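Participant: Fold the following.
(chains A and B)
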Amino acid sequence: MKFRSLIIKNIFRNKSRSILAIIGIAIGAAAILGLGLVTDSLASSTQQALTTGAADFSVLPSSFGGHGSGGGFGGGSGGGFGGSSAFNGSSGATFVSAGQTIDQSTLNSIQQMPGVETAAGVLRSATELNGTTQPLTLLGIDSQDLSLDDVQITNGSAFTSSNQIILGSTAATGLNKTIGDQLTFDNQTFIVVGIYETGDFMSDRGAILSLSTLQNLTNTTGVSQILVKASNGTSPTSLSSQITQNYTNLTTSTSLSGFNRMNNGIQIIESGSWAITLIALLVAGVMVVATMMKSVSDRTREIGVLKAVGWNKRRILALIIGESMILASIATVIGLIIGVGAVEVLISSHILNGIHIALSLNLVLEAVGVALFLGIVGGIYPAYRASRLAPTEALRYE
Amino acid sequence: MSNENIVKIENLIKRYDQAGVIALDGINLEIKKGEFVSIMGPSGSGKSTLLNMIGALDQADEGSIQVSGQNLMEKKDFSSFRSKEIGFIFQLHNLIPNLTASENVQIPMLQTNNSDEEMVKRATELLGSVNLGNRVDQVPTKLSGGERQRIAIARALVNHPNIILADEPTGALDSKMGDIILELLREIHEKENMTLILVTHEEYVAKKADRIISMMDGKITSENCTL
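Facilitator: This is a model prediction of the structure:
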């Protein structure tokens, strides 16, 4: 007979006791995984919801003297129209420029910086529609970068050619335009291919066309601002600082306070999850200790016999801790299944609406590690007590 | 039986502090290697305490005790000594209920370096010698009291000990089965030339031994040779 066979046989000797211990540890493992999964998923979903598409900050010329934060297009940009100088466009129309611009080489250079996931140039202007005095704010940006400015197309699609334009929902209502209609300014006619919303009243009163088209219309080669999104693992704060250090003629306008608030929120969620998990661990730990103590107590006489036949303290310790570890291993597997299953049930029953499961190997390893640790630690004290039993007293135990 | 003393006890005293009881009060005893000795006395006379001292399960407070050349007054762990030198047989067989007869016999061998195959072979051989060759894979709960005690005897012999200590080995058995067990013990003692020390409160059991040591109130009151 192998020693490990004895350990395994001992576990199944008192099934109800073993099942109790397994339930205890499984609750711990399930709590770690389930709560961890909810927290991670919540944090990930929240982060995704708050940051998907949106730029972390925008880069502006340092002499930019706009209307201040909050004005202008899009969330995260912070800047608004600056300069307010009027000039004639390529066909004689009057455009209002965004003031000082950033040249293309600087844009290219920022795009190449380490830690930059995306850097998109944006040109801002305004014009009057042909035959009216109705002003229309214009934004030039490449269509693949629209999400960086929080532009959500609610109807139609993004522009794909230089004669296509998308209209803000407020502008579309005000101008009574819809998909397929034409819009003429600067003596050029554009086809409305999409209606968008940004959630910003000012932005939704404007129109967006491709960056190169607006640059041609305004005879500009640069951009008004650059929307920057930091890559995963890069702090937007440090990236922003690095840009202002490298380019002294540029400044950054950020929504970092919002970003920090979000991070704080996620940290609070994680702290709460850990607190609940610790309580679950405490309960599971007490159950393991109680179960193993009962197991040792029930077998006091047997342990006395084992000592009488020559087993040393180390072997008695190994027996009890071995049993505890196997119980913990079985419980861990069950706990993992319960943890993931419970979260799946919560999601499928729409209790956790909008949360996407973010099961990571780290989380699984964490749950496995903690549950096994719990099994070992839970077994140590009972094993120590068993190993210290005086053989004569143990043999007299009824 | 040789002239060599395997157990040598001088003025051994054991007190139980909590109750203030003197369990052994100046015991002097010598047991020869290969001898079959009964320690007889009423309950509370100190016979089981003396057996536990010889088996290094407990330690005396004063005096000296040497067993198989080992000074048992030393402050150390005697598990290795017990494993190699002593085989215990208890009144209640104390078998592990979910293990088979063979596995129960192998328990003391788990502390040694024997291979799995060697352990199985030795257990099978011993169970055969106590007439349980056909019960090797049975669990104790399906066996009679006599059969269980025979498994306990096989377990006591498994590590080739020099001394067998039997504490009321027939106490839980009827007289017929008790006689069978005693006869088996005597056979093993003679065949293996092992020292057999048996504790009992029954005279007819004690008389099976070569020498009877009577105890009362922690003292040896008489030593009688039955041969």
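Participant: Pull the contacting residues for the residue in chain B that chain A sits nearest to.
Facilitator: Residue nearest to chain A within chain B: B:Ser83 (2.6 Å; C-beta to the nearest C-beta). Every C-beta, even on glycine, is put in place using the N, C-alpha and C of the backbone. Counting by C-beta atoms under 8 Å, 6 or more residues apart in numbering or on different chains, B:Ser83 touches A:309-311, B:108, B:111-112, B:159.
Participant: Could you tell me which of the residues you listed count as buried?
Facilitator: Buried subset of the contacts of B:Ser83 (neighbour count, 16 or more other C-beta atoms under 10 Å in any protein chain shown): A:309-311, B:108, B:111, B:159.
Participant: Let me know the secondary structure of B:Tyr204.
Facilitator: helix (DSSP: H, G, I helix; E, B strand; the rest coil).
Participant: number of nearby residues for it?
Facilitator: As a burial measure, B:Tyr204 scores 12 neighbours (other C-beta atoms under 10 Å in any protein chain shown).
Participant: Quick one, grab the pLDDT at it.
Facilitator: For B:Tyr204, the model assigns a pLDDT of 86.
Participant: before we move on, the earlier item: out of the contacts of B:Ser83, which one sits closest to B:Asn11?
Facilitator: For the contacts of B:Ser83, the minimum distance to B:Asn11 (C-beta to C-beta) is 28.2 Å, reached by A:Gly310.
Participant: would you say that closest one is within a strand?
Facilitator: No - assignment of A:Gly310 by three-state DSSP gives coil, placing it outside any strand.
Participant: With adjacent residues omitted, what lies nearest to it?
Facilitator: Leaving aside its chain neighbours, A:Gly310 sits nearest to B:Ser83 (2.6 Å; criterion: C-beta to C-beta, 6 or more residues apart in numbering or on different chains).
Participant: One more: B:Gln138?
Facilitator: B:Ala101 (5.5 Å).
Participant: returning to what we had before: and the contacts of B:Ser83, which two are furthest apart?
Facilitator: A:Trp311 and B:Asn159 (11.6 Å).
Participant: did I read that right, the residue nearest to A:Gly310 in a strand?
Facilitator: No - under three-state DSSP, B:Ser83 sits outside any strand and is assigned helix.
Participant: Can you name the residues of chain A that neighbour chain B?
Facilitator: A:1-3, A:5-6, A:9-10, A:12-13, A:301-302, A:304-313, A:315, A:390-392, A:395 (C-beta under 8 Å from any C-beta of the partner chain).
Participant: Now a PyMOL select for only the buried ones of those.
Facilitator: Buried subset of these, written as a PyMOL selection, criterion 16+ other C-beta under 10 Å:
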select buried, chain A and resi 1+6+9+10+13+301+302+304+305+306+307+308+309+310+311+312+313+315+391+392+395
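Participant: Narrow the residues of chain A next to chain B to those in helices?
Facilitator: A:3, A:5-6, A:9-10, A:301-302, A:304-308, A:313, A:315, A:391-392, A:395 (DSSP state H).
Participant: for chain B, which spans come out with low pLDDT?
Facilitator: B:1, B:18-19, B:226-227 (pLDDT under 70).
Participant: longest helix anywhere in it?
Facilitator: Max-length helix for chain B by DSSP H is helix B:175-192.
Participant: Please name the bridge partners of the residue nearest in space to the middle of chain B.
Facilitator: Centroid check for chain B by C-alpha atoms, centre = their mean gives B:Leu165 as the closest residue, at 1.3 Å. Beta-bridge pairing of B:Leu165 under DSSP bridges involves B:Phe88, B:Ile197.
Participant: can you pull the contacts of it?
Facilitator: B:51, B:54-55, B:86-89, B:197, B:199 are the contacts of B:Leu165 under C-beta under 8 Å, 6+ apart.
Participant: Kindly report the same for A:Arg205.
Facilitator: A:Arg205 makes contacts with A:137, A:168, A:170-171, A:174, as judged by C-beta under 8 Å, 6+ apart.
Participant: List the buried residues of stretch B:59-71.
Facilitator: Neighbour-count burial for stretch B:59-71 [16+ other C-beta under 10 Å]: B:59-60, B:63, B:65-68, B:70.
Participant: Make a ChimeraX selection of the buried ones in the contacts of A:Arg205.
Facilitator: In ChimeraX syntax, the buried subset of the contacts of A:Arg205 is picked out as below (16+ other C-beta under 10 Å):
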select /A:137,168,170,171
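Participant: Among the contacts of A:Arg205, name the ones in helices.
Facilitator: Those of the contacts of A:Arg205 lying in helices (DSSP H): A:170-171, A:174.
Participant: which stretches of chain B form helices?
Facilitator: B:47-54, B:79-85, B:101-106, B:116-129, B:145-157, B:175-192, B:203-206.
Participant: So which bits of the second one are buried?
Facilitator: Right, the one you point to is helix B:79-85. Neighbour count says helix B:79-85 has B:79, B:81-85 buried, by 16+ other C-beta under 10 Å.
Participant: Same check on the fifth one?
Facilitator: Residues of helix B:145-157 classed as buried: B:145-157 (neighbour count, 16+ other C-beta under 10 Å).
Participant: of all the helices of chain B, which lies closest to A:Leu250?
Facilitator: Here helix B:116-129 is closest among these (C-beta to C-beta), at 76.0 Å.
Participant: Check whether the closest one comes near chain A.
Facilitator: Yes - part of helix B:116-129 sits near chain A under the criterion C-beta under 8 Å from any C-beta, namely B:116, B:119-120.
Participant: what mean pLDDT would you report for the helix or strand containing A:Ala30?
Facilitator: Assessed by DSSP states H and E, A:Ala30 sits inside helix A:15-51. The pLDDT scores in helix A:15-51 average 75.
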